[in-house]
Structures are given as C-alpha cells and as structure tokens.
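> sequence first, predicted coordinates after that:
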Amino acid sequence: MNLNQNDVYEEEVKSLLKHIEEADAIVVGAASGLSAAAGFKHYYVRDDDFVENFSDFEDKYGYHCTFDGAYYPYMKDEERWAFTARFLSMILNAETGETYHDLYKLLENKPVHIITTNQDSQIERVFPPENISAIQGDFRYFQCSKRCQDKLYEAKDIVDNLEENIDENLEIPTELIPRCPNCGAQLDTWARSPVFLEGSKYINEHLKAQKFIQENQDKKILFLELGVGRMTPMFIQEPFWNLTYNLDNAYYITINPKDALLPVAIKDKGMAIPEDIAKVFKDALALKDSEKLSDENEQS
Ligand SMILES: [Zn+2]
C-alpha cells in the first residue's frame, strides 16, 4: 500500500463512521465474508479449526474443508449424521467472533436491522432476535426432512449427544439418527436446501426486515453490506442496490476484500471499501474512540 492508497483508505473509514453516525436507521446485510473475517474459514479452507476437528474425517474421506464435507456423497446415513453432528457441534459451541462484538460497538445506540444469509448464529450472540432476519435458515434448528409440520426443533442438545457417540468408524448408532416426532422421517438442518422449510419462522424473518425498511424508508437509511460473495447476490446485494437507488435518503456501503462492487447507477449514493472487514471495524472503532476523546476534551 503506498501513501496515496493509505490516504484513500483513511478517508473511507472516516466516511463509514460519518454515515453510521448520521444515519437514522441502518440495515446491515451480513454474509459469508463477515464470518470469514471473524475467523470462521473452515467452510472453504483447511484451517486450524478444520485440522483440529476433522482430521479423522479428512483421513477417511479425503476432503479438506467443511463445505466439501457437507456435500460429500456418504454411503450411509450413520456416516452423514456423524459429519453433521461434528460440524454443527463445532459451530454451535464456537466462541463468539470478535468482529461481531466490534460490529455491535460500531452500531451502538442506532436503530438497526440485520439481514443475514449466515446460518452459524454468531450474529444472534450479540444482537437481539427482533433485530435479525436469518433468511437462509439457522443451524440452531432442525426441521422434518418431509416438512410434515411447520415446526422447528432445537438442535444443540441433539448434536452434542450425537457427537459424543461417533464411533471409531466415524458413524453414529442407527437408533440415534434424529427423527421427526410426528412422521418418523429423518430430521434435517434448517438451512437452505431443496427441502428447506419456508414456514412461519421463515416468513417472520422476512416480515421483520420488511417492517424495519418500511418504517425507515423516508429517513436517512444506510445499507451496510458485509461480505456478500458472487454466489448468492440476489438475497442481500441486489435488493440493497435497488433500495438505495429508489429511496431518496438512502446510502449504500459495501465492505468486502474480494467483491466490493458499486454499480454506476448508485455511484453518488454509495461507497465500496475493498478491505478486510475485521480491520475496517477496528480502525473505525479506534477513530470513534479518538473522536469521543477530543469531544470530551473540548467540553472540559
Ligand atoms: Zn415429519
């Protein structure tokens, strides 16, 4: 980074903070890049978390990240459930990423709603549920794979128990395969898939976001997009672009080290920061603290 790029970056961080401070309402769009910035990279990378938790699965199946583990064509349900149990147990018992605490501090005291395609329930550790719309499901829940009922089941105790019962062949006992209490079909993770249950909770997640946007559409509303990749732009990114274009007082900021895109149509109503999300949060918080300090000094 040369001096010039440094100056540009400093201005971007200043501008981010200014737009957050001046906004009447903030809609955050949180996607996989935010989780990666917070250190959860095992989905796509053979990182320490993967090595620590999945070396035995890697030896048996030859995959090197959990995403490949999730899509592996297991021969038996007992094998697939062993992977699922290890995977969900690791995620549901993970520490809360510091980047999520930083996001909370950055948006403190602002009316905020978070729309997320992440299923790892990290955001749910720091923001209250009424401020979150998990539109692609949530790993904390199971559903019936046959969708016989509009009902979700708490996953954590089930997966922790399964995880403890994985045997040396990396299988779980057949009788422990989680089943729907109503119809007896296997349970499935409540996450986007061909059998994803779009029931009352799913609808409510969308309604919460709609309500927040409608209530604030005439105010100074900031759309803050964090880490949307090129795989699913239709859930967060494209709606954010359309809303920014159509709402008079809207502004759009994307922070994304790989895919920070700003369409020409909203170039005067937005900004793209092509940097690491965790770093941007840290720098913005440091700036926020220094501004607070100088305000206090002026007053005293
Ligand atoms: Zn069922």
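That came through, no problem.
> and the biggest strand by length in the chain, how far out from the chain's middle?
When the chain is parsed with DSSP state E, its longest strand is strand 137-144. Between the centre of strand 137-144 and the centre of its host chain there is 15 Å, according to C-alpha atoms, centre = their mean, to the nearest Å.
> show residues contacting it.
88, 91-92, 119-121, 124, 151-156, 158, 178, 180, 182-183, 185, 187-192, 195-197, 199, 201-202 (C-beta atoms under 8 Å, 6 or more residues apart in numbering). (Each C-beta comes from the backbone N, C-alpha and C, glycine too.)
> at 7 Å what do you get?
Where contact means C-beta atoms under 7 Å, 6 or more residues apart in numbering, the residues beyond strand 137-144 that reach it are 88, 91-92, 119-121, 152-156, 158, 178, 180, 182-183, 185, 187-192, 196-197.
> show me what from this structure comes close to the ion.
Contact residues (C-beta under 5 Å from the ion) of the chain with the ion: 144, 146, 148, 180, 182-183, 185.
> neighbour-wise, which of these leads?
Neighbour counts for the residues of the chain next to the ion (other C-beta atoms under 10 Å) peak at Cys144, which has 23 neighbours.
> single out the residue in the stretch 201-300 of the chain that lies closest to the ion.
For the stretch 201-300 of the chain, the nearest residue to the ion under the criterion C-beta to the ion is Lys201, separated by 15.9 Å.
> which intervals of this protein have sub-threshold pLDDT?
1-3, 300 (pLDDT under 70).
> which residues of it fall in helices?
Listed in chain order, the helices of the chain (DSSP state H) span residues 3-22, 32-37, 48-61, 66-70, 77-92, 98-107, 123-126, 156-164, 200-216, 237-246, 277-299.
> which of those helices sits closest to Glu171?
Comparing the helices of the chain by their distance to Glu171 (C-beta to C-beta), the top pick is helix 77-92, with 3.9 Å.
> which helices and strands sit right next to that closest one?
Of the remaining helices and strands, those touching helix 77-92 by 3 or more C-beta pairs under 7 Å, 6 or more residues apart in numbering; DSSP states H and E are helix 48-61, helix 66-70, strand 137-144, helix 156-164.
> hang on, the earlier thing: tell me the most buried of the helices of the chain?
helix 32-37 (a mean of 26; mean count of other C-beta atoms under 10 Å).
> which residues touch that one?
Under the criterion C-beta under 7 Å, 6+ apart, residues 99, 118, 120, 122, 226-229, 256, 276-278 lie in contact with helix 32-37.
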